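Asks: give me coordinates for this.
(one chain, ligands or ions: 1)
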Amino acid sequence: MLDIKFIRENPEAVRQAIEKKGLTLELDKLLELDQEVQTLKRTIEKIQAERNANAKAAARAKPEERAAMIERGKEIGRQLAELEPQLRTLEAQLKQLLYLTPTLPWEGAPVGPDDSFNVETRVHGNPRTFLFEPLDHVALMEKNGWGDFERAAKVSGSRSYILKGDLMVYEQALLRFALDRMIQAGFTPMSVPSLTKEEALYAHGQFPAARDQVYAVDGGEVYLAGTAEVLLNYLHAGEILAETELPKTYCALSPCFRSEAGSAGRDVRGLMRVHQFNKVEQYVLCKADLDESNRWFETMLSISEGILQALELPYRVIEVSTGDMGLGKYRQVDLETWVPSENRYRETHSCSALLDWQARRAGLRYRDERGKIHYAYTLNNTALATPRILVMLLENHQNEDGTVNVPRAVQPYFGKEKLEPSA
Ligand SMILES: Nc1ncnc2c1ncn2[C@@H]1O[C@H](COS(=O)(=O)NC(=O)[C@@H](N)CO)[C@@H](O)[C@H]1O
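Replies: Below is the predicted model of the structure:
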């Protein structure tokens with residue numbers, strides 16, 4: 001959410017962001033509501049001042065004047081009892097609208113209503129030319145006994161998977177490889193819960209807009225987070241950190257849960273889009289400084305590109321459009337990795353900078369050396385998400401005999417140079 005002062009002083013810039021992000025927020029209603037809140041606040045403050053003055057005067061008054069003043073005090077109390085709840089109602093309505101205000105996108109973002117306006121900015125590596133008919137990842141898994149989609153459906157329902165033998169070990173090796181890359185980059189490794197509270201989902205931005213993507217547990221007592229970002233972003237909620245404690249740089253491995261509501265019919269086969277997956281997440285909470293945020297954005301992006309290069313996978317870098325990046329984003333860059341069986345790139349990483357949009361929602365603040373309190377800036381990125389990346393690894397690195405080569409960088413983690421059929 002944006003700072004109401006910023007909105008008052010820059011209504012046209014906010015209106016432009018609403019337009020660029022294709023939002024339906026009624027800015028004029030928000031500004032009117034803000035005026036009403038300000039006016040009513042001033043009225044209440046005047047009445048409170050009168051009540052205080054009247055109480056002081058009553059204490060010093062002659063007995064014969066006191067009764068009238070006490071009566072006046074009761075009248076003022078009745079006025080306040082009526083106006084204060086009105087103010088609270090108006091403030092709650094204003095806050096709901098503020099929750100829907102967008103971060104202004106950076107000037108380099110392609111302007112457009114959806115992902116068709118995203119722009120490819122860089123390509124790394126070339127899709128392999130196979131000298132034999134390659135198999136898709138499901139066929140490779142079936143051929144080698146590396147999974148069991150039928151039994152997964154039996155035990156867990158749709159969009160589920162079971163990994164077996166070398167492929168199961170390979171997933172664990174990849175997650176540890178990605179975690180080590182994050183630790184080498186100086187990020188603090190964390191394992192965080194996937195069970196999260198509603199306020200953490202509001203602070204992240206998942207709520208209220210995309211509630212339907214999240215599984216509720218115990219009727220909403222807790223929820224299953226779709227990404228560790230939700231938990232990491234709420235770790236310091238309500239705290240006031242010292243500037244010297246910043247930046248907080250976390251990496252977290254956690255199971256992620258998504259209902260994929262609205263994805264019916266898309267990627268229904270295999271490992272691409274499932275209800276439960278694993279992800280090593282990158283998260284940074286830094287001071288409210290655009291240069292610093294931009295530096296962290298580049299750092300986080302280069303870590304993920306380094307991981308894809310170490311996995312010897314062809315990928316491309318995508319600058320995400322204003323209409324596709326979502327409400328809170330200042331900038332979003334996705335990495336898309338080549339899928340031979342689809343003859344196209346598919347998203348495997350998503351890097352975002354949100355300035356203080358999440359910090360305002362979560363109450364993430366810090367005190368600078370002069371004692372002034374600021375909302376922090378937050379960023380997040382994917383280090384590695386499985387099993388989706390297994391689609392690309394199996395298909396790009398397959399041999400004619402159906403075995404699959406393990407990239408050199410991961411061999412120490414996996415223990416072998418190839419994935420071999422299960423017994
Ligand atoms: N339903 C899913 N099944 C498998 N992998 C998924 C699914 N949803 C997302 N992912 C993987 O998780 C990555 C990050 O998801 S994201 O929503 O784009 N972004 C985030 O979650 C951010 N916190 C950055 O990681 C995606 O790029 C993709 O690789």
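Asks: mind listing what's buried in the helix or strand encompassing Glu71?
Replies: Using DSSP states H and E, Glu71 falls within helix 63-98. Neighbour counts using 16 or more other Cβ atoms under 10 Å place Met69, Arg72, Gly73, Ile76, Leu90, Glu91, Leu94, Leu97, Leu98 of helix 63-98 among the buried residues. From N, CA and C alone the C-beta is placed, and that goes for glycine too.
Asks: adding pLDDT, write these out as CSV.
Replies: Converted to CSV, the buried residues of helix 63-98 look like this (pLDDT from 0 to 100):
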residue, pLDDT
Met69, 91
Arg72, 91
Gly73, 92
Ile76, 94
Leu90, 96
Glu91, 96
Leu94, 96
Leu97, 94
Leu98, 94
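Asks: write out the residues of the stretch 151-300 of the chain neighbouring the ligand.
Replies: Thr227, Glu229, Arg258, Glu260, Arg273, Val274, Phe277, Lys279, Glu281 (Cβ under 6 Å from any ligand atom).
Asks: out of those residues, which one sits closest to Gly219?
Replies: Arg258 (19.4 Å; Cβ to Cβ).
Asks: leaving out sequence neighbours, find the closest residue to the closest one.
Replies: Closest residue to Arg258 apart from its sequence neighbours, by Cβ to Cβ, 6 or more residues apart in numbering: Gly226 at 4.6 Å.
Asks: and the one you found, what is it in contact with?
Replies: Gln206, Gln213, Val214, Cys256, Phe257, Arg258 (Cβ atoms under 8 Å, 6 or more residues apart in numbering).
Asks: what segments of the stretch 151-300 of the chain are strands?
Replies: Under the criterion DSSP state E, counting those that start in this stretch, strands of the stretch 151-300 of the chain are mapped to 188-191, 195-196, 215-217, 222-224, 240-242, 248-257, 276-286.
Asks: which strands border the longest one, and is each parallel or antiparallel?
Replies: Going back to what we said before, that points to strand 276-286. With DSSP bridges as the test, strand 276-286 is paired with strand 248-257 (antiparallel), strand 377-386 (antiparallel).
Asks: now the second one
Replies: Note on strand 195-196: by DSSP bridges, its sheet partners are strand 222-224 (antiparallel).
Asks: for the fifth one, same thing?
Replies: Strand 240-242 has these partner strands in its sheet, going by DSSP bridges: strand 365-367 (parallel).
Asks: gap between the partner strand and the chain center?
Replies: Relative to its parent chain, strand 365-367 has a centroid offset of 21 Å by Cα atoms, centre = their mean, to the nearest Å.
Asks: just checking, what packs against the following helix or strand past it?
Replies: For strand 365-367, the succeeding helix or strand toward the C-terminus, using DSSP H and E, is strand 373-375. Here strand 373-375 touches strand 365-367, going by 3 or more Cβ pairs under 8 Å, 6 or more residues apart in numbering; DSSP states H and E.
Asks: that's a helix at Arg316, yeah?
Replies: No. Arg316: not assigned to a helix; according to DSSP: H, G, I helix; E, B strand; the rest coil it is strand.
Asks: next, the spatially closest residue to it that is not a sequence neighbour: secondary structure please.
Replies: In this structure, Arg316 finds its nearest non-sequential neighbour in Val123, 4.6 Å apart by Cβ to Cβ, 6+ apart. Secondary structure, three-state DSSP: Val123 is strand.
Asks: can you list the residues of the stretch 151-300 of the chain next to the ligand in a markdown table and add distance to Glu420 and neighbour count?
Replies: Putting these into a markdown table (distance: Cβ to Cβ, whole Å; neighbours: other Cβ atoms under 10 Å) gives the following:
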| residue | distance to Glu420 | neighbour count |
| --- | --- | --- |
| Thr227 | 33 | 24 |
| Glu229 | 36 | 29 |
| Arg258 | 32 | 20 |
| Glu260 | 32 | 17 |
| Arg273 | 27 | 16 |
| Val274 | 24 | 20 |
| Phe277 | 24 | 21 |
| Lys279 | 27 | 23 |
| Glu281 | 31 | 27 |
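Asks: can you get me a residue count around the residue of the stretch 1-150 of the chain found nearest the ligand?
Replies: Closest residue of the stretch 1-150 of the chain to the ligand, Cβ to the nearest ligand atom: Asp115 (11.9 Å). Per other Cβ atoms under 10 Å, the neighbour tally for Asp115 reads 14.
Asks: how near is it to Met325?
Replies: Distance, Asp115 to Met325, by Cβ to Cβ, to the nearest Å: 10 Å.
Asks: confidence score at Arg66?
Replies: You'll see Arg66 listed with a pLDDT of 89.
Asks: now do the contacts for it.
Replies: So, once contact is read as Cβ under 8 Å, 6+ apart, Arg66 ends up touching Ala58.
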